[in-house]
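Participant: Here is a sequence together with a model predicted from it:
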Amino acid sequence: MHGLHLTADLRDCAGPADLMTDPQALRALCVAAVSMAGLAPVGDLFHRFATTTDAQSGVTGVILLAESHLAVHTWPEIGGVTIDAYVCDFSADNSARAEDLMARLLAAFAPAHVHRQRLLRSMPA
């Protein structure tokens with residue numbers, strides 16, 4: 001149960017607008033970032049929320065990884081994104097892969113403000 005759990009709260013993102021509102025664009029980014037980080041996706045789901053106004057609505061996406069998961073939530077109306085990446089170390093230390101995944105997503109969203117958290121998870125023997 002040992003692994004690295006990374007979160008990031010992004011504000012004022014200057015990346016491509018479709019990443020905030022288009023499930024297919026967000027999925028393509030996340031799948032590519034997971035692959036380039038050397039992680040193993042086993043399934044995914046991306047959903048755009050309906051809105052009662054003409055405003056663009058956000059997207060939630062999750063990629064189930066053999067190593068654990070990636071979850072991304074967007075709020076285009078405030079240029080906000082939250083990212084949650086948890087990568088277990090069952091057969092190898094995947095910390096560098098988790099950090100690489102997060103770096104790729106941060107670069108794509110290009111936020112003006114980032115609040116990051118890093119949690120080492122484990123259970124004593």
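Facilitator: Sure thing, it's come through. Numbering: from 1, shown residues only.
Participant: use CA for all of it now, contacts and neighbours both
Facilitator: OK.
Participant: show me the contacts for the residue nearest to Val81 when sequence neighbours are not counted.
Facilitator: Spatial nearest neighbour of Val81, chain neighbours left out: Thr74 (4.4 Å); criterion: Cα to Cα, 6 or more residues apart in numbering. Residues in contact with Thr74 (Cα atoms under 8 Å, 6 or more residues apart in numbering) are Met20, Thr21, Gly58, Val59, Thr60, Gly80, Val81, Thr82.
Participant: Show me where the protein has its helices.
Facilitator: Here the chain has its helices, by DSSP state H, at 18-21, 23-36, 95-109.
Participant: Point out the most buried one among these.
Facilitator: Burial of the helices of the chain is given as mean neighbour count (mean count of other Cα atoms under 10 Å); helix 18-21 ranks first at a mean of 21.
Participant: Which of the contacts of Thr74 lies at the shortest distance from Asp100?
Facilitator: Thr82 (16.5 Å; Cα to Cα).
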